[in-house]
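> give the three-dimensional model of this entry:
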Amino acid sequence: MITIRKSKDRGHFNFGWLDTYHTFSFDQYFDPAHSHFRKLRVINEDRVAPGKGFPTHSHADMEIITYILSGALEHRDSMGNGSVIRPGDVQRMSAGTGVSHSEYNPSDTEAVHLLQIWITPRARNLPSGYEQKAFSEDDRRNRLRLVASEDGREGSVTIQQDASVYAGILEPGATVEHQVAENRHAWVQVARGSLKLNDLELNQGDGAAIKEERTLNLIADDKAEVLFFDLA
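Just a heads-up that it's a prediction; the model follows:
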């Protein structure tokens with residue numbers, strides 16, 4: 001069964017410096033019918049204005065993945081990490097026992113467009129940590145490239161949960177097939193462009209919850225960027 005979560009039905013706030021869409025309940029947005037999917041807790045699509053950002057704030061007991069679509073985001077945290085995240089970079093911050101961090105758009109002219117994903121960890125009070133890796137466009141072209149996993153296989157960042165996150169950039173007409181193991185679930189999030197998921201049309205910002213489906217085909221209508229979550 002595939003259940004589509006349309007972009008227009010997401011929570012939406014525009015604060016001027018931040019234009020944000022929430023797939024699941026988050027902060028001021030609460031929808032009891034869309035609070036999470038399996039261990040996938042948050043998918044926020046954010047556009048942050050030049051020179052603006054999130055001042056220092058704290059998290060705990062969450063695996064936080066940041067995926068940049070355009071622009072750049074500067075990160076600093078209480079573990080001593082400082083970096084600039086750009087398209088193709090995947091950042092993982094395990095909040096665990098507690099982390100404070102800030103995120104700013106360092107550009108004076110260009111907005112940053114990003115997806116921030118939260119995944120509930122396998123247990124509370126796990127060690128906090130940080131990791132960042134780059135995945136080229138060629139590495140993600142016309143395939144689902146593993147970018148985050150529990151065991152860090154294939155050069156992916158390591159998350160503390162039985163979940164695998166894939167990223168793909170599909171050229172027009174490209175088809176990618178993915179097999180979902182028995183008793184596993186999946187979520188597809190279209191970051192840009194449009195595609196068909198087993199003949200169901202998905203556009204930018206749309207998501208799809210998947211259960212009891214073994215074979216999934218993604219067919220790009222135009223150039224599309226997609227995140228695919230394989231979940232227990």
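> need the nearest residue in space to residue 191, chain neighbours excluded.
Spatially, and ignoring its direct neighbours in sequence, residue 191 is nearest to residue 225 (4.3 Å; Cβ to Cβ, 6 or more residues apart in numbering). For glycine as for every other residue, the C-beta is placed from the backbone atoms N, C-alpha and C.
> go on, residue 70?
Excluding the flanking residues, the one nearest residue 70 by Cβ to Cβ, 6+ apart is residue 113, at 4.6 Å.
> so which helix or strand takes in the residue nearest to residue 191?
Residue 225 is part of strand 224-231 when elements are defined by DSSP states H and E.
> state the mean pLDDT of stretch 198-209.
Averaging pLDDT along stretch 198-209 gives 97.
> now do that stretch: distance from first to last residue.
Start and end residues of stretch 198-209 are separated by 13 Å (Cα to Cα, to the nearest Å).
> how about stretch 17-25?
Taking Cα to Cα as the measure, stretch 17-25 stretches 21 Å from start to finish.
> quick one: the helix or strand that contains residue 66 to chain centroid distance?
Assigned by DSSP H and E, residue 66 belongs to strand 63-70. Centroid separation for strand 63-70 versus its chain: 6 Å, with Cα atoms, centre = their mean, to the nearest Å.
> now the angle from it to strand 224-231?
With axes from the mean of the first three to the mean of the last three Cα atoms, to 10 degrees as the basis, strand 63-70 and strand 224-231 are set at 170 degrees to each other.
> and strand 63-70, which strands flank it?
Partners of strand 63-70 in the sheet, by DSSP bridges, are strand 89-94 (antiparallel), strand 112-119 (antiparallel).
> can the ones you listed go into a markdown table with extra columns for mean neighbour count and distance to residue 39?
Converted to a markdown table, the strands paired with strand 63-70 look like this (neighbours: other Cβ atoms under 10 Å; distance: least, Cβ to Cβ, whole Å):
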| stretch | mean neighbour count | distance to residue 39 |
| --- | --- | --- |
| strand 89-94 | 22 | 14 |
| strand 112-119 | 22 | 5 |
